[in-house]
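A.B. asks: Based on what follows, work out the 3D shape:
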Amino acid sequence: MARLFGTDGVRGVANEELTPMLAMQLGQAGAYVLSKENAHKPTIMVGCDTRISGDMLANALMAGACSVGANCVFVGVIPTPAVAYLTKKYKVDAGVVISASHNPVEFNGIKFFDGNGFKLPDALEDEIEALLKDNMQGVKFPIGPGVGKIKYRTDAREEYVNHAIQSVNVDLSGLKIVVDCAEGASFYTSVEALKELGGNVVAIHNNPDGTNINANCGSTHMEELQARVVYEKANVGLAFDGDADRMLAVDEFGNMVDGDQIMAIVGNYMRSQGKLKNDTIVATVMSNLGFFLMAEKEKLTIERTKVGDRYVLERMKEIDASLGGEQSGHVIFLDENTTGDGLLSALHLLQVMVETGKPLSELAQIMQVLPQALVNAKVANHKKDKYMEFPEIAEAIQKLETKYAGAGRVLIRPSGTEPLVRVMIEGKDADVIKEDAKVLAKLIQDIMF
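C.D. replies: So this is what the prediction gives:
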């Protein structure tokens, strides 16, 4: 059986793969593992994004947690980084977010945070999974007053907004900002924070109905935001994903500014303020080659990890870094929160614009984004880690690596959350790399699907 936990919790089609029964079992096993060392009655904070299956899964999970004696605090629809922050602030034993991030509405997911607001390491996830597969063997289920209870809170999102604007207290007066909320968890928090700081906010896709999350909007569908920024003559556009742990931007001309560029802009500004620890940024192997070339020029150190913001975070903790993230817009400001935080990313980027007086288009020139082609190959989920075991695929990859040596790079990796193998090629000629990526992805799909 394949590992239940992916790179960002447990994911699947809600009510088909990720069923209420599985959610209840994860609530039982997760609550037990994350609180078994404590003598007190444990408390778990639970939040969700706007998708319609959130209530079903959240209540099932909380029922499971209560059945092993844990209390739950349900904070409702709220960004993932808000749960991480509030879990640590209130010193509860764990946090859980019911969300499938940028994925379509039919998907959902369950991700856990420990009592310090950090995503769980593989070892703890393995322990939860082992207990679940062992049918909770050895766990005592309480009765009577030992059963847990659920408390419902409606004020948590305000506390998160206040934390964000206190962390980056920038005056946004005079800035016109278009915000795409992806019909997701940021529909209130991002708009409220920007308005409180004085921004002239034009909000789009901020009317979630449970079924429209990420539907042709947000950080995975930027076209409407790009056009709207130009139409509104706005200074900047901000796009969040469904659970608001990532953010991508659009400059005043409608050009996209990705996570690498955001880290380059903010990282260099933080260094000028003496706030970039060890002049180091932690990024993944998927960051654009132009990002690494920028770092060489600016004499910044880049620590590379495998793909996944959890691995970025682990390395940041190891070396005491203050900034890290991914090209996709997951950016972590570890002095202010313990996970990727789209709102903090937005405020830090806006702060650089305000305090330097430069438009985003000029700031983004700090690095040249080299052409990058990313093509997905659909494969059987249980095979996606084994692509190098097929000689024809291994040979094709080797040929491309030789072709692009010194003038680009080839990166092949299985998706952590979907039944895909991702083919990424960087080089100088966009048409050539796109064609090469398509050919290789088709080969992988034909052989492995």
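A.B. asks: switch to C-alpha atoms for all contacts and neighbour counts from now on
C.D. replies: Fine.
A.B. asks: which stretches of the chain have low pLDDT?
C.D. replies: 1-2, 37-38 (pLDDT under 70).
A.B. asks: Try it again at 50.
C.D. replies: 1 (pLDDT under 50).
A.B. asks: what's the single longest helix in it?
C.D. replies: Counting residues, the longest helix found in the chain (DSSP state H) is helix 430-448.
A.B. asks: Just the buried positions in that one, please.
C.D. replies: Neighbour-count burial for helix 430-448, with 16 or more other Cα atoms under 10 Å as criterion, is recorded at 433-434, 436-438, 440-445, 448.
A.B. asks: Equivalent analysis for stretch 347-359, please.
C.D. replies: Under the neighbour-count criterion of 16+ other Cα under 10 Å, stretch 347-359 has 347-354, 359 buried.
A.B. asks: same thing with stretch 204-220?
C.D. replies: Buried positions in stretch 204-220, judged by neighbour count with 16+ other Cα under 10 Å: 204-208, 212-220.
A.B. asks: now, which of those lie within strands?
C.D. replies: Ile204 (DSSP state E).
A.B. asks: Format the buried residues of stretch 204-220 as TSV; extra columns: distance to Ile165.
C.D. replies: Below are the buried residues of stretch 204-220 laid out as TSV (distance: Cα to Cα, whole Å):
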residue	distance to Ile165
Ile204	21
His205	22
Asn206	20
Asn207	23
Pro208	24
Asn212	28
Ile213	25
Asn214	26
Ala215	29
Asn216	29
Cys217	25
Gly218	22
Ser219	22
Thr220	26
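A.B. asks: Check the buried residues of stretch 204-220 and tell me the two furthest apart.
C.D. replies: Pairwise distances across the buried residues of stretch 204-220 (Cα to Cα) peak at 17.7 Å, for the pair Asn207 and Thr220.
A.B. asks: distance of Gly342 from Asp93?
C.D. replies: 24 Å (Cα to Cα, to the nearest Å).
A.B. asks: same deal with Leu343?
C.D. replies: 25 Å.
A.B. asks: Tell me which of those two has more neighbours.
C.D. replies: Leu343 (30 against 25; other Cα atoms under 10 Å).
A.B. asks: buried sites along the helix or strand hosting Asn268?
C.D. replies: Taking DSSP states H and E as the criterion, Asn268 maps to helix 259-272. Applying a neighbour-count criterion of 16+ other Cα under 10 Å, one finds 259-270 buried in helix 259-272.
A.B. asks: got it, and stretch 295-315?
C.D. replies: 295, 300, 302-305, 307-315.
A.B. asks: circling back: which helices and strands sit right next to the following helix or strand past the helix holding Asn268?
C.D. replies: Once the chain leaves helix 259-272, the next helix or strand it forms, by DSSP H and E, is strand 280-284. Here strand 280-284 touches strand 301-305, helix 309-319, strand 323-325, going by 3 or more Cα pairs under 8 Å, 6 or more residues apart in numbering; DSSP states H and E.
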